[in-house]
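Q: predicted model, plus sequence, below.
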Amino acid sequence: MEELLSTFVRSIFVDNMIFAYYLGMCSFLAVSKNVKTAIGLGMAVTFILTCTLPINYMLETYVLKDGALSWLGPQFADVNLSFLSLIIFIAVIASFTQLVEMAVEKFAPALYASLGIFLPLIAVNCAILGGSLFMQQKAFPNIEVATVYGLGSGVGWMLAIVGMAAVREKLAYSDVPKPLKGLGITFIITALMGMAFMCFSGVKI
């Protein structure tokens, strides 16, 4: 339980996909103009990360890595399909993205219209693929930890984009110098928020 809690908190604050690794910046900058839209995209990203990470963990553990197919018999003990991991991970992510896109279009057409092209682009969101690659790199001991890491990474990404959207909504009524309006001030705020999140890296969890 302690390991699960530690993984969850670290994935949100210490290993935040946006402020620690700057992954998923394209959607982060483009959709963080409105809090409601940012919450919708954040929830979609969180759902896809939470669903795809355990699936990719199972595929990595029992199919892809060196010796993973030994459960089929001793003749498969030397099989190494790790070169297929990137393709398999992307295929799983793209499948879930299509399901989310269909669900949002059916049940929340207004959100679907506001997200536009950025909803199907979740399939190539580097934060989601980064979650699976970090899972592979960190070699989690079981599927529960991998699932919690996916959930925490999604929550951290949603926290970042919703926070940025809230700030940008306030900036609409602020006297921002003309050369800094738009992406200029957004990059500055992202850097400042990233520096704030760096404070969590020294916390022992």
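A: Nice, thanks for sending it over.

Q: contacts only, for L64.
A: By CB atoms under 8 Å, 6 or more residues apart in numbering, the residues touching L64 are 81-82, 84-85, 88. In short, each C-beta sits where N, CA and C put it, glycine included.

Q: same thing but 10 Å
A: 56, 58, 79-85, 88-89, 136 (CB atoms under 10 Å, 6 or more residues apart in numbering).

Q: packing partners of the longest helix along the chain?
A: Counting residues, the longest helix in the chain under DSSP state H turns out to be helix 143-171. Secondary-structure packing of helix 143-171 (3 or more CB pairs under 10 Å, 6 or more residues apart in numbering; DSSP states H and E): helix 2-9, helix 25-31, helix 35-59, helix 126-138, helix 183-198.

Q: which one of the ones you listed lies closest to E105?
A: The closest of those to E105 is helix 35-59. By CB to CB, the value is 11.8 Å.

Q: just want the angle from that closest one to helix 143-171.
A: Between helix 35-59 and helix 143-171, the angle comes out at 160 degrees (axes from the mean of the first three to the mean of the last three CA atoms, to 10 degrees).

Q: buried stuff in helix 35-59?
A: 35, 37-38, 40-57, 59 (16 or more other CB atoms under 10 Å).

Q: same check, this time on stretch 191-205
A: 193, 197, 200.

Q: look at the last one and report its pLDDT.
A: Meaning F200. F200 carries a pLDDT value of 82.

Q: need the three-state assignment for it.
A: Classification of F200 by DSSP: H, G, I helix; E, B strand; the rest coil places it in helix.
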